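A.B. asks: Predicted model and sequence follow; I will ask about them next.
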Amino acid sequence: MEKAKYFLPFSIILFHGISGLKMARPPEVVYSWRDITSDFKASVKDLELGELAHDDLFGLFEAMSAIEMMDPKMDAGMHHTNGNRKILNFDQAVRAEKLELKKVNHDQFIGIVDNSIACLVTWLEGHSLAQTVFINLYAQQPQRIEDRNLKAFITIFLKVIDLIKDYINQASVFEEEDFQPLVYGFRLASEIPEAKALALIKESEEDLMKEMKNSVSSASAEESHKLKEISAVHTRLRFFRHFYQLLLKFNRRESSNVSVNAHSLIEDILKSTHVCREALNSCLQTISLGSGYGAEEIEIMGFEPQVNQRLLPPTFPRYTQLRSRADAISNLIQLMDRLKAMCKIKDHTNFHAALDFFYNIGRQRPPPCVLSRSLLQLLYIPLCNRVFGQQPLTEVLQEAARMFIAPPVLTGGLGLVTGTPQHAQVQECVDQLFQQCVRPMGSLIQIAGHNLARQRDKFGHILQDLAALQEEADKVDAYLHTISLQTDSGRSHLACLGTWVLLHTLRTMIQYLFSGFELSLYSIYEYHYIFWYLYEFLYGWLISAYNRADSFLTEHQSMTEYLKTKGKAPGATNKKGGQSGNGKNKKKKERSATARPYAKEIAYCQAVQSMCGGYYKAMVAMDLEGKIRRPRTEFDDERVRYEHRFAALGQVSTPPLVPYVQFKEMTKLEFNATDENDKASHASNLYATACRHFHHAATILTALTGQSNDENVLSLIRVCKTNCVVMRLLAGGHRREGASAPQFDFTVHPHLPIVKVT
């Protein structure tokens, strides 16, 4: 019955509806607004620069949201240089006679070209096309332009944008912060053939040359200025023609370019970069001839920064500040210099050397732009897994392994007869292994093309693939070693291919840890276990791998020389006659016995290992003296930090990850000090040990400078000598009473800093 009482009125409401029911009005809310602007400004005077007020209802999240909302850079719609200015699109600007289509003056043309270059460079810095390139109204409808010079330029400019977009997408070494490929429905002149675009701009250049010849006869000041403008217009058109032709050379997917020899192609690229650089230098000198030079972009004919505002996403988009014209042209000059440096890849035919070259290019200062990184990728591997578009990557990797450690299976040392079933089985096994190597090794090349932050992230992921490849290589080595025992070849095959894979695994692990210094990810109180891990384990494993490869190569060279001289008579004369060749062979044997193939690499690794040991000892000593500021214990757990920093290395079984318990067990002697006197004495001993480490590293590196003047080695010598002096002072009690925190200067070397104590 209770349910029935409530059900009846409810059913009546459903049947008759609620239109007849009277709803109670909510009480009116009376707001008492008060202007707090003056009070707010008076209150914030008590806050220091960068200091935030904290309240229960206004925490860090609310503070950051307020900063983002009130920053004009976070909202493109907040930037208005003229509040009542009407934003005109292409058609509206033409009707208002603010957009010239038929006859564009030379100074206007120069301004349009230079500002377009600024838009191009800003786009390559990670901004969208809608806020950069296509704020140029001429680029939105180039077919309606009647001025020949301007139409030729806009056409070739859009073709350049289209090529750049395609190349960056093909190389796939960009992230959302690097590049925005979305075109927002705009056309990039893809319907116009390359030959027609080049013919248009070539005709304009010829017309300008005729105009310059006609103006040379007059010597008036007005004609002289006009001649400079014509020459500047001609230079800009010539630059874009050569720039477009330069970019076309990287299009190796076309059948006409695949057959081109890599060396001849690179020579053509070098010539084009030289021509483009000369043209850019001329553009930089005549930049003041353009209209609107030094003015805002809204004052330049044909440019409307907010014309594409409705195309942007509904979130808070960044306001795009275009690069200045001078900066933009200088940026393109740097691009030409980088392209010239990238062409040196032709000298690095070995995979290991090419990989080092890629990472050295990526660590240049200033960092290379996404276009130069992408073009380097396409220059080295333009087609799927084909180096320089010709040699399969599997062959390049086999050659790299053969040159690194000379495994018997790749040097004919197994003693198998060609054509037998066993030989075919071994060949198939090796081919399958190197086919599996293509993906992780190719990924190492591709990772080198990403920005530094993304490189570290991808290093952590590629270690899993390298670990799987390591296991497969060890299985192949075991199988080939069994066959070598059956054939009595005289050479072992244990840990040959596995050592080659291990080399890349160790180098990747070391790069992963060092990149944390480059990106400022580590706190100072974390330095000690980072350097300890490098000193005690990773560099020890790397030196061991080089020593193993060194032994294999020496053994292979000795056997090769023995087989060459085995059939020769001891007293045979040389080709020139007179002198026996036995003495020369003896000298060659002595030289080959003393020279080690990887002596330089081993020495360099020993030097860096010694430096890491010096940093570790110094950090422990500074911690004992209280110079290292640590977080409060309730907010800190060293074990969690340690496991977080080395979590990515746990994916690899060889070398195994060192657990935190083992780290504490191995380092307890360094941290074991009871009273203050014991701490001071122990710290002095650690400083002295660190000084010896740095001195030892400097000695090794100085010996290496006699072989080559490597800038990296020279910078490390400077770091070692400076740190050696600092450690010697600290060991003698310098600044022991003061508890000032040490400073680490990474300007000389990105991974190994100079220690400063003030």
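C.D. replies: Done, it's in.

A.B. asks: doesn't Gln609 make contact with His696?
C.D. replies: No - applying Cβ atoms under 8 Å, one finds His696 not in contact with Gln609, separated by 9.8 Å. C-beta here means a position set from N, CA and C on the backbone, and glycine is covered the same way.

A.B. asks: who's more crowded, those two?
C.D. replies: Neighbour totals were compared for His696 and Gln609, and Gln609 leads with 22 against 19 (other Cβ atoms under 10 Å).

A.B. asks: Give me the pLDDT value at the more buried one.
C.D. replies: Gln609 is assigned 97 on the pLDDT scale.

A.B. asks: check which helix or strand covers it.
C.D. replies: Gln609 belongs to helix 599-624 when assigned by DSSP states H and E.

A.B. asks: That helix: what's the following helix or strand?
C.D. replies: Following helix 599-624 toward the C-terminus (DSSP H and E): helix 638-645.

A.B. asks: Show me which positions of the helix holding Gln609 end up buried.
C.D. replies: Residues 600-624 are the ones in helix 599-624 that count as buried (16 or more other Cβ atoms under 10 Å).

A.B. asks: Quick one: list the elements packing against that helix.
C.D. replies: helix 527-533, helix 539-565, helix 660-671, helix 676-705, helix 711-731 (3 or more Cβ pairs under 8 Å, 6 or more residues apart in numbering; DSSP states H and E).

A.B. asks: looking at those helices, which is buried most?
C.D. replies: Mean neighbour count (mean count of other Cβ atoms under 10 Å) peaks for helix 527-533 among those, with a mean of 22.

A.B. asks: Mind checking the pLDDT average for it?
C.D. replies: Mean predicted lDDT for helix 527-533 stands at 96.

A.B. asks: and what of stretch 468-483?
C.D. replies: Computed over stretch 468-483, the average pLDDT equals 92.

A.B. asks: Contacts for it, please.
C.D. replies: 407-409, 414, 416, 422, 426, 429-430, 433, 436-437, 440, 492-498, 500-502, 505, 652-654 (Cβ atoms under 8 Å, 6 or more residues apart in numbering).

A.B. asks: Could you rerun that using 6 Å?
C.D. replies: Contacts with stretch 468-483, where a contact means Cβ atoms under 6 Å, 6 or more residues apart in numbering, come from 409, 429, 433, 440, 493-498, 501, 654.

A.B. asks: low pLDDT regions in the stretch 251-400 of the chain?
C.D. replies: 252-260, 295-299, 314-319 (pLDDT under 70).

A.B. asks: give me that answer again for 50
C.D. replies: 255-256, 259 (pLDDT under 50).

A.B. asks: Among the helices and strands packed on helix 599-624, which comes closest to Ala118?
C.D. replies: Of all the helices and strands packed on helix 599-624, helix 711-731 sits nearest to Ala118, with 32.9 Å by Cβ to Cβ.

A.B. asks: rewinding a little: so which of the helices and strands packed on helix 599-624 is nearest Arg323?
C.D. replies: helix 711-731 (29.3 Å).

A.B. asks: List buried members of the contacts of stretch 468-483 by neighbour count.
C.D. replies: Buried positions within the contacts of stretch 468-483, assessed by neighbour count (16+ other Cβ under 10 Å), are 409, 433, 440, 493, 495-498, 501.

A.B. asks: Let me see the domain layout of the chain.
C.D. replies: Segmentation of the chain into domains, based on automatic domain parsing, reads 90-339, 391-510, 599-756.

A.B. asks: what separates the first one from the chain centre, distance-wise?
C.D. replies: The one in question is domain 90-339. In terms of Cα atoms, centre = their mean, to the nearest Å, the centre of domain 90-339 is found 26 Å from the chain centre.

A.B. asks: Endpoints of that domain, how far apart?
C.D. replies: Its start and end residues considered, domain 90-339 measures 36 Å (Cα to Cα, to the nearest Å).

A.B. asks: Quick check: next helix or strand after the worst-scoring helix or strand of the chain on mean pLDDT?
C.D. replies: The helix or strand of the chain with the poorest confidence is helix 2-16; it has a mean of 45 (mean pLDDT, DSSP states H and E). Next in sequence after helix 2-16, counting helices and strands by DSSP H and E, comes helix 37-44.

A.B. asks: Just want the most central residue of the chain.
C.D. replies: Closest residue to the average C-alpha location of the chain: Asn451 at 3.2 Å, with Cα atoms, centre = their mean.

A.B. asks: Can you report how many residues neighbour the spatially closest residue to that one that is not a sequence neighbour?
C.D. replies: Leaving aside its sequence neighbours, Asn451 sits nearest to Asp178 (Cβ to Cβ, 6 or more residues apart in numbering; 6.1 Å). The tally of other residues near Asp178 (other Cβ under 10 Å) stands at 19.

A.B. asks: again with Ser38
C.D. replies: Neighbour count of Ser38, defined by other Cβ under 10 Å: 8.

A.B. asks: Also Gly302?
C.D. replies: 25.

A.B. asks: Over to Arg241?
C.D. replies: 23.

A.B. asks: which secondary structure element contains it?
C.D. replies: Taking DSSP H and E as the criterion, Arg241 maps to helix 221-248.

A.B. asks: so where's this structure uncertain?
C.D. replies: The model of the chain has pLDDT under 50 over residues 1-19, 255-256, 259, 568-584, 586-594.

A.B. asks: Regarding it, what is its longest helix?
C.D. replies: helix 452-487 (DSSP state H).

A.B. asks: what angle do whatever helix or strand comes next after that helix and helix 539-565 make?
C.D. replies: Sequence-wise, the next helix or strand downstream of helix 452-487 (DSSP H and E) is helix 497-518. Interaxial angle of helix 497-518 relative to helix 539-565 (axes from the mean of the first three to the mean of the last three Cα atoms, to 10 degrees): 140 degrees.

A.B. asks: So which elements touch helix 497-518?
C.D. replies: helix 393-405, helix 452-487, helix 539-565 (3 or more Cβ pairs under 6 Å, 6 or more residues apart in numbering; DSSP states H and E).

A.B. asks: contact partners of the first one?
C.D. replies: By Cβ under 6 Å, 6+ apart, the list of residues contacting helix 393-405 from outside reads 350-352, 385, 387, 410, 434-435, 437-438, 441, 496, 499-500, 549, 552.

A.B. asks: quick one: which of those has the most company?
C.D. replies: Cys496 (27 neighbours).
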